[in-house]
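Undergrad: no sequence for this one, just the structure:
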């Protein structure tokens, strides 16, 4: 089970007990925000993109941000083309709705990046391997836990919302 793999992964950081499992779905930004009692923007959604040479890029955005195609291509050197659900599961080990940057099966094929849209919050809530889980973390802790490569500025919309 994906959640158990994430729990084992987070154990090395002493955070395995911090995973919250909800009865209600947390598979969408809106559902996760309702389950955690926070604004949707605080949900750290993980989006999976095709990178160069068969590499996969996971970018975590605030719940109110979307990928900006021009910024994405400038930063990563390729178009922002999302993986299909079966590819997401194959490369991340997590189903759509529970995708997270933790316990990835092959980190040599997948690189994790965090969008600066997350930095405006003291706490953000990424999934933990299923559409019923999540964890409260600071953006700085998320960077470490996710083995992120870098902070990016490849999102749009969140600045326009005034938050």
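TA: Structure received. If you're wondering where the values come from, they're calculated on a predicted model, not measured in any experiment.
Undergrad: And what about residue 33, helix, strand or coil?
TA: Residue 33 falls in the helix class when you classify it by DSSP: H, G, I helix; E, B strand; the rest coil.
Undergrad: what do you get for residue 114?
TA: Assignment for residue 114 (three-state DSSP): strand.
Undergrad: what do you get for residue 151?
TA: strand.
Undergrad: mind checking how far it is from residue 89?
TA: Distance from residue 151 to residue 89, counting by C-beta to C-beta, to the nearest Å: 27 Å. Backbone N, C-alpha and C define where each C-beta goes, glycine included.
Undergrad: higher neighbour count, those two?
TA: residue 89 (17 against 13; other C-beta atoms under 10 Å).
Undergrad: neighbours around residue 31, how many?
TA: Around residue 31 there are 18 residues (other C-beta under 10 Å).
Undergrad: what do you get for residue 96?
TA: 16.
Undergrad: With residue 40 instead?
TA: 16.
Undergrad: so it sits right up against residue 33, yeah?
TA: Yes - Residue 40 lies in contact with residue 33 (C-beta atoms under 8 Å); the separation is 4.2 Å.
Undergrad: what residues do the two have in common as contacts?
TA: residue 63 (C-beta atoms under 8 Å, 6 or more residues apart in numbering).
Undergrad: Identify the residues contacting stretch 138-154?
TA: Contact with stretch 138-154 is made by 10, 13, 15, 44, 59-60, 67-68, 71-72, 75-76, 80, 101-102, 107, 111-116, 118-119, 121-124, 126, 137, as judged by C-beta under 8 Å, 6+ apart.
Undergrad: Could you list the buried residues of it?
TA: Using 16 or more other C-beta atoms under 10 Å as the burial criterion, the residues of stretch 138-154 that qualify are 139, 142, 143, 145, 146, 148, 152, 154.
Undergrad: Ok, stretch 66-79 next?
TA: For stretch 66-79, the neighbour count (16+ other C-beta under 10 Å) marks 66, 67, 68, 71, 72, 75, 76 as buried.
Undergrad: sec struct for the fourth one, please.
TA: Pointing back at residue 71 there. helix.
Undergrad: which residues does it contact?
TA: Contacts of residue 71 (C-beta under 8 Å, 6+ apart): 153, 154, 155, 156.
Undergrad: Just grab the bridge partners of the last one for me.
TA: The reference is to residue 156. According to DSSP bridges, the partner residues bridging residue 156 are residue 66.
Undergrad: hmm, back to that, compile the contacts of residue 71 into JSON lines and extend it with columns for pLDDT and distance to residue 95.
TA: Putting the contacts of residue 71 into JSON lines (pLDDT from 0 to 100; distance: C-beta to C-beta, whole Å) gives the following:
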{"residue": "153", "pLDDT": "97", "distance to residue 95": "29"}
{"residue": "154", "pLDDT": "97", "distance to residue 95": "24"}
{"residue": "155", "pLDDT": "94", "distance to residue 95": "24"}
{"residue": "156", "pLDDT": "88", "distance to residue 95": "26"}
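Undergrad: Many thanks, I have nothing further to ask.
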